[in-house]
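1. turn this into a model:
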Amino acid sequence: MVVVEEIEEVIPISNPGDHFTEQNLTHIKKLFYEKVGLEANSQRNSQNNSTQLYKRRVPKIIYIPIAAILSLTIVTGAAAAMGVIDLSSILQFLSGDRINILRPVNKTSEDQGIRMQTLGAVRDGSTTEIYVALKDLKEDRVNSSLDVYDFHVSGGRSHNAKLVQYDPAEKTAIIRFLVQGKRLSNRMSVQISSFLLGANKEENYDSGINLSELLSKKQQTEYDTLDPLKDSISGWGGESALELSEQEFIHVLRQDQTHIKLPGINWMYISNIGFVDGKLHIQINPNDEMGRYNHGYFFFTDDQGNKQDIPMNSVSYGSYTKGGTRYGGDYEEYIFDISDISQLNKLQLKGDFTSYDQFVTGNWETTFYLKQDSLSKTGKATLSLNEEIRTEIVVSSLGVTLMGKGINQITPENLQMELYLNDGTSILPKSAFLNIDNNLMKWISPQTIPVNEVNYLMLNGQKVLLQDP
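-> Numbers count the residues shown, from 1 in each chain. Predicted coordinates:
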């Protein structure tokens, strides 16, 4: 059994291939030329030890074997001219099978002395995975603490950007973008408008606030009503965020009725607290300049310091103006499933918060064409809820997609799946399915699925036979 688990940490790059002999590398280099269709006439000159390369473009997509990849540090210039991905920079955290399914892009954009290079990408019917390199050509504004803040990737309904590798010698960060949704176009663009640096984390922060005492002195909680369709709501979070966002209206605390400072945290204060609609609301105002970009969340522990599993949602709303531009998310309100003061007697309010030192803006954008990866297997199943839900299943290199009317009624945690390969081994996902669009759910695999080797899958105890589409 193979248990698939996503890598969370940023992996520093090392220097691969130091132990190879010149003969090894010459042979690998030859394989690389053959694979990418590069006609090379290499003649060693005893005086200057130079190599002359004669190139021609090949219109088809290139898939490079792992042996050839090792030589890319030698022929980076030739590879760039060919439109082949410079895989030497991302080899350290991507396996060979993942690299083999990436389509080369090699589009660059430069602004503020920082270069963005879109290296390669791959997409199936509902998910696109894109790898982008950011390199500072002048200063030290790209480092291991980089967090992409304002960005856009065309296509799909949800997006995610994550730093997956940083090379301090090259001052280069590798960002992975995930785009999810049913309607994905062949023409895609990646745009970054800002990023943050210098993350400082306060984990298990003790607020020191006696909530029972504070709330017992509060006379009456006044609230305002927000319309998700009309008012300035810039974000939702928590376990029931989707359900909360679909409500006709939502009640929030009246703004700035209190001013409770948190020791050691100077970028925000608690601006109100109280019970609304049978739930505990805690409202914060990130009033510092960097407070607009800092983030975090509250949670509760018992008197022994053990974290309590209390459901929580959040809503970001309000707006502020800076430099003539209006921004959303002036207030953040946390909503806990706590209905009475008595429940707070032995609970302590704590939090995990992240603040930043620097905010970098610019305009980096690349546009490219990306065809869908056609490698997949399909199957059908019927899931039982209050009614039977007929589900179409697609297994691709990137994950497993479930499609069908009513599929979004199923709680992702209630789906149990396991993929079985021809050799008898299996892949057991550790992460859950995600609701990514109407009537569409997906499990995204952190490792490339060997589609041709998948025999069948088990879904909630039901064996699903798979076939080529």
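2. how many residues are close by Ile270?
-> By other Cβ atoms under 10 Å, 19 other residues sit near Ile270. All C-beta spots, glycine's among them, are computed from the backbone N, C-alpha and C.
3. show me what the one helix or strand it maps to is packed up against.
-> Ile270 belongs to strand 265-276 when elements are defined using DSSP states H and E. Applying 3 or more Cβ pairs under 8 Å, 6 or more residues apart in numbering; DSSP states H and E, we find strand 265-276 packed against helix 211-216, strand 250-253, strand 260-262, strand 279-285, strand 348-355.
4. quick one: that strand to strand 348-355, angle?
-> 140 degrees (axes from the mean of the first three to the mean of the last three Cα atoms, to 10 degrees).
5. can I get strand 265-276 in CSV? Just the C-alpha atoms.
-> Provided in CSV are the C-alpha atoms of strand 265-276 (Å, rounded to 0.1, in the frame of the first residue of the first chain):
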residue,chain,number,x,y,z
ILE,A,265,0.6,42.1,18.5
ASN,A,266,0.5,45.7,17.3
TRP,A,267,-1.2,45.3,13.9
MET,A,268,-4.7,44.6,15.1
TYR,A,269,-7.1,44.9,18.1
ILE,A,270,-10.4,43.3,19.1
SER,A,271,-13.0,45.8,18.0
ASN,A,272,-16.1,43.9,19.3
ILE,A,273,-17.2,40.7,20.9
GLY,A,274,-20.6,39.2,21.7
PHE,A,275,-23.2,36.6,21.0
VAL,A,276,-25.2,36.8,17.7
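6. the residue nearest to Ser185 when sequence neighbours are not counted in helix, strand or coil?
-> Of all residues not flanking Ser185 in the chain, Gly155 sits nearest, at 5.4 Å (Cβ to Cβ, 6 or more residues apart in numbering). Here Gly155 is recorded as coil under DSSP: H, G, I helix; E, B strand; the rest coil.
7. what's around Gly155, how many residues?
-> Applying other Cβ under 10 Å, I find that Gly155 has 19 neighbouring residues.
8. same check on Phe368?
-> Phe368: 18 surrounding residues under other Cβ under 10 Å.
9. give the contact list for it.
-> 105, 107, 118, 121, 187-189 (Cβ atoms under 8 Å, 6 or more residues apart in numbering).
10. pLDDT value on it, please?
-> pLDDT for Phe368: 93.
11. for it, give me phi and psi.
-> The phi/psi pair for Phe368 (degrees, to the nearest 10) reads phi -150, psi 170.
12. gap between it and Ile393?
-> 30 Å (Cβ to Cβ, to the nearest Å).
13. about what we covered before: adding mean pLDDT and distance to Pro450, write the helices and strands packed on strand 265-276 out as JSON lines.
-> As requested, those are exported to JSON lines (pLDDT from 0 to 100; distance: least, Cβ to Cβ, whole Å):
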{"stretch": "helix 211-216", "mean pLDDT": "91", "distance to Pro450": "52"}
{"stretch": "strand 250-253", "mean pLDDT": "93", "distance to Pro450": "45"}
{"stretch": "strand 260-262", "mean pLDDT": "93", "distance to Pro450": "50"}
{"stretch": "strand 279-285", "mean pLDDT": "95", "distance to Pro450": "46"}
{"stretch": "strand 348-355", "mean pLDDT": "94", "distance to Pro450": "37"}
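14. ok, which of those comes nearest His159?
-> Closest approach to His159 among the helices and strands packed on strand 265-276 is made by strand 348-355 (19.6 Å; Cβ to Cβ).
15. in the closest one, what's buried?
-> 348-351, 353-355 (16 or more other Cβ atoms under 10 Å).
16. same check on stretch 250-263?
-> In stretch 250-263, counting by 16+ other Cβ under 10 Å, buried: 250-253, 262.
17. now do stretch 351-367
-> So, applying 16+ other Cβ under 10 Å, buried residues of stretch 351-367: 351, 353-356, 359-360, 362, 364-366.
18. next, give phi and psi for Val451.
-> The phi/psi pair for Val451 (degrees, to the nearest 10) is phi -50, psi -40.
19. doesn't Ser396 make contact with it?
-> Yes: at 6.5 Å, Val451 counts as touching Ser396 under the criterion of Cβ atoms under 8 Å.
20. neighbour count winner among the two?
-> Ser396 (26 against 19).
21. if that one is in a bridge, with which residues?
-> Using DSSP bridges, the bridge partners assigned to Ser396 are Ser376.
22. out of the buried residues of strand 348-355, which comes closest to Ile174?
-> Looking across those and measuring by Cβ to Cβ, the closest to Ile174 is Thr354, at 20.7 Å.
23. show me the contacts for the closest one.
-> Contacts of Thr354 (Cβ under 8 Å, 6+ apart): 199-202, 294-296.
24. any idea how far it is from Leu419?
-> Applying Cβ to Cβ, the value for Thr354 to Leu419 is 35 Å.
25. swap in Gly291?
-> 45 Å.
26. higher neighbour count, the two?
-> Set side by side, Gly291 and Leu419 give different neighbour counts by other Cβ under 10 Å, the larger being at Leu419 (27 against 20).
27. tilt between the helix or strand where Phe298 lies and strand 348-355?
-> Per DSSP H and E, Phe298 falls inside strand 295-301. Following the same axes, to 10 degrees, one obtains 160 degrees for the angle between strand 295-301 and strand 348-355.
28. isn't Leu383 up against Ile410?
-> Yes: Leu383 is within contact range of Ile410, at 6.5 Å (criterion: Cβ under 8 Å).
29. what residues are shared contacts of these two?
-> Shared contacts of Leu383 and Ile410, defined by Cβ under 8 Å, 6+ apart, comprise Ile389.
30. can you pull the contacts of Thr118?
-> 105-108, 130-132, 190, 366, 368.
31. for ChimeraX, what selects the buried ones among those?
-> Selection command for ChimeraX covering only the buried members of those, criterion 16+ other Cβ under 10 Å:
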select :105,106,107,130,131,132,190,366,368
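32. follow-up on the earlier one: who's in contact with the strand holding Ile270?
-> 202, 205, 209, 211, 214-215, 218, 221, 223, 251-262, 280-288, 290-291, 294, 331, 335, 339-340, 353, 355.
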